[in-house]
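Visitor: build me a model:
(3 chains)
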Amino acid sequence: MDEILRVRDLRLATVDKVLVEGLSFTLSRGERFGLIGESGSGKSLTSLAITGLLPDAIRASGQITLAGEEVVGAPERRLVGLRGNAVATVFQEPLTALDPLMPLGRQIAQPVRRRLLRQGLPATRPDITREVHTLMDQVRLPDPDRLMRAYPHQVSGGQRQRVAIAMALACQPKLLIADEPTTALDVTTQAEIVTLLRSLVTDLGISLLFISHDLAVVGQVAERVMVMRDGHMIEAGPADTVLTRPRDSYTQSLVAAAARFDAALEGDA
Amino acid sequence: MSLISVENVGFAYGTGRAVLEDISFQVPRGANVGLVGESGSGKSTLLRLLLGLETPQKGRILFDGAPLAARDKRFMRGYRTRVQAVFQDPYSSLNPAHRIQRIVTEPLRSLKVAGDHHKMAQAALEAVGLGPDILQRYPRQFSGGQRQRIAIARAIVARPELVLADEAVSALDLSTRVRVVDLFQSISQQMTMIFVSHDMGVVAALCDHMVVLDRGRIVEAGETRAILRNPQHAYTQSLLASIPRMPVPAQI
Amino acid sequence: MDDGVNIAARVGSRKNITLWLGAVLVGVPLLAGLVSFVWTPYALSDMVGGRLETPGWAHWAGTDRLGRDILTQLMVGARVALVVGCGAVAIGAAIGVMCGILAAFATRFADDALAAFFDILIAFPTLLIAMLVVATRQEASLGTAILALGIGLAPIVGRITRILTKQVLGQDYIVAARVCGTSWPAIVLWHIVPNILPFLGVNLALQFGLAVMAEASLSYLGLGAPPPNASWGQMLQEAQGTVYSAPWGAVLPGLALFALVIGVNLLADGLRDRVSSQRGEA
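Guide: Have a look, this model is predicted:
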């Protein structure tokens, strides 16, 4: 199977504190991988390390191989290229990820144009507009003509997150990282975004690294999961196994907590 | 008689669109009622009305039979001793400049409650599972879960009859959340509680009654168990269907 | 992102140097000013030496064109600078903090009006406002100068107080305090003031530097403290004619002024970093 991401013995640390240690996992083409962790687990830092966006004060060691290229220690110039075409990230809060003063259509058009130029394809205005329409269609944004002219504050949170996903897909990444992409959304919207992410992985044949603290959401998205705590891997395996028959006591406590609210919803509380 | 009775309440900020329309429900004494809704449902505004921070333009709210008069200072002083609140963000609801002692005893001092404030603060902290040794420390020395416990201690220190909680566990990690829900459950044995949340699971675990709000209106209200088993309104149904559930172990 | 990493705390040692350097630069004139109350090398207005003597054993900083000791003048000048700085900041803070908090609490209309008023006043140079105030009095005196500068600083303090207060008002602990039954005056006293003070204090230190500079300018223009109150600005003005023949007469008060203003700024900077790294954990 095609390997898209390999993390080996990753260690992230500042001068006086180790934040992530001994982290290893791989991600294959077309795979949906879930990273579960509570606050301070190091899951977001791991995603930043993969895209080479760590703050200066944090040093990475170990190996991160993304689409055949080494990320740890790579010069910024190489990382920019990698971020442009191998990996793209969707963050928790779409309102801060989008430019409030730019119409949504133009925000999606920018990465589209960069990719067309990079691939040596014609990048005239009609070409770009056609691509933007295709992307908006892919993320199931309704009424593209109106939304292209709209500003971020004029559309709902769910639609903003779809625009952010469209922007991420615009550079045709091999790996999509979604860092708590549904945490700021209402449950009904969350369900739609989860469905969208699943179908995108299938339709486009990309890989998904889904990061969340919410076990049930990860369970719906990922085939394979890894549980992190305090910068260490606690448990990893197929989602169904880890979330139903966890071996580690910490995972067990998380699963029991989530199951308790589920049980309450069934009226068994 | 109901402790809280909301009668045909309508509210709008300034001259804007109505945030709440024709809201009516009862909270019996000793009950635990959940107000459930997504963003834009008006649940937070309803909470502000119940706290007397805003006044409804239409309808009225009765507390123990008397209309809630937010502008009547004498009434509000009595109301504050009987109604307290816990907020969502434990990082912004505690004054960073004050020691825990000062934070927890604030209602006692402001409302001029008689008695040994230090002893009462110790008792309140004990009730939320924190030791008296933390009284001289500052909020920044505590984790989110511990801060929320301190906020709960402040809410119960004056022994109110009603505690209002605004998304009080939403900002907490799952393992912390379970423990704080347990804490709310034990506290709710001694007082009436209104729990505002978007999280149906938490409300289901805590509340015996619930009110479902959508775009400023009540779409469904009643016993929690009955609504969960057999939701009547289409909105409640879609809300319940959207909640992600844990995978169920395969039956062998 | 959930992984809270306090990077700011790690660059702490470099910030400490800022703080210490500031403390020394402020400490020396403070000490000199305090000592001048009980002891100066010579009497302030006595012509104790020859005219324009170069710095030497008898007169460490030389003498001016009337034969007065410059070190003595510098020490008294430090006293004047500190008194003026502290006095002006105190008056500016008293008026500004009150107006700023009132503006933050006022209704939408009154708030907009007050904010606009602050902005208009700030558009006038502090010095110009001070000159207007001095002009309304019969004669220049140290008190007038302090009052004038204080009034000039008030709108700057007011504007910052207003913004800081609005930030604090948006915090949940204010709502929590209202629910606890705390009255508005008590909320201002116990919740707002303690939380705007660290940031306001840093700003007031910067205003102090501004006030000292402005006093020197006023004195230079002959609108400051009248003789025999030696102020650094006045010394600069008197040394104007002899800048080439006896440069120490102008260089020394200029350096003193420069060092004090830089020192206050460094001190304020260092204090702000310390405050924000402490708050960072919160």
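
Visitor: in chain A, what residue comes closest to chain B?
Guide: Ranked by Cβ to the nearest Cβ, the top residue of chain A for proximity to chain B is residue A:261, at 3.2 Å. Using the backbone N, CA and C atoms, a C-beta is placed for each residue, glycine as well.

Visitor: so what's that residue closest to, chain neighbours aside?
Guide: For residue A:261, the nearest residue in space outside its immediate sequence neighbours is residue B:201; the separation is 3.2 Å by Cβ to Cβ, 6 or more residues apart in numbering or on different chains.

Visitor: who's in contact with the host helix or strand of that neighbour?
Guide: Secondary-structure assignment from DSSP states H and E places residue B:201 in helix B:200-206. Applying Cβ atoms under 8 Å, 6 or more residues apart in numbering or on different chains, the set of residues contacting helix B:200-206 from outside is A:187, A:260-262, A:264-265, A:267, A:269, B:32, B:34, B:36, B:169-170, B:177, B:181, B:184-185, B:188, B:193, B:195, B:197, B:210, B:224, B:228, B:239-240, B:243.

Visitor: that helix: how far from the chain's middle?
Guide: Relative to the centre of its chain, helix B:200-206 is centred 13 Å away, using Cα atoms, centre = their mean, to the nearest Å.

Visitor: pull that helix out as CSV, backbone CA atoms only.
Guide: Backbone C-alpha positions of helix B:200-206 (Å, rounded to 0.1, in the frame of the first residue of the first chain) are rendered in CSV as follows:
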residue,chain,number,x,y,z
MET,B,200,-27.9,16.9,24.7
GLY,B,201,-25.9,14.1,26.2
VAL,B,202,-24.9,16.2,29.3
VAL,B,203,-28.5,17.4,29.7
ALA,B,204,-29.8,13.8,29.4
ALA,B,205,-27.4,12.7,32.1
LEU,B,206,-28.3,15.6,34.5
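
Visitor: isn't residue C:148 up against residue C:129?
Guide: Yes - counting by Cβ atoms under 8 Å, a contact exists between residue C:148 and residue C:129, whose distance comes to 7.1 Å.

Visitor: quick one, which of these two is more surrounded?
Guide: Set side by side, residue C:148 and residue C:129 show unequal neighbour counts under other Cβ atoms under 10 Å in any protein chain shown, the larger going to residue C:148 at 29 against 20.

Visitor: so who does the more buried one touch?
Guide: By Cβ under 8 Å, 6+ apart, residue C:148 lies in contact with C:129-134, C:218.

Visitor: return the residues in contact with the closest residue to chain A within the stretch 1-150 of chain B.
Guide: In the stretch 1-150 of chain B, the residue that lies nearest chain A is residue B:38 (3.9 Å; Cβ to the nearest Cβ). Residues near residue B:38 by Cβ under 8 Å, 6+ apart: A:186-188, B:198, B:214, B:239.

Visitor: now the two most distant members of those residues.
Guide: Between all members of these, the longest pairwise span (Cβ to Cβ) is found for A:187 and B:214 and amounts to 12.6 Å.

Visitor: looking at the chain, which helix or strand is least sure?
Guide: Just so you know, I chose chain A. Counting by mean pLDDT, DSSP states H and E, the weakest-scoring helix or strand in chain A turns out to be helix A:94-97, with a mean of 78.

Visitor: hmm, I had chain C in mind actually
Guide: Every helix and strand of chain C was ranked by mean pLDDT, DSSP H and E. The lowest is helix C:126-136, at a mean of 77.

Visitor: what does that helix contact?
Guide: Looking at what lies outside helix C:126-136 - Cβ under 8 Å, 6+ apart - the contacts are C:121, C:140, C:144-145, C:147-149, C:151-153, C:156, C:210-211, C:214, C:217-218, C:221, C:223.
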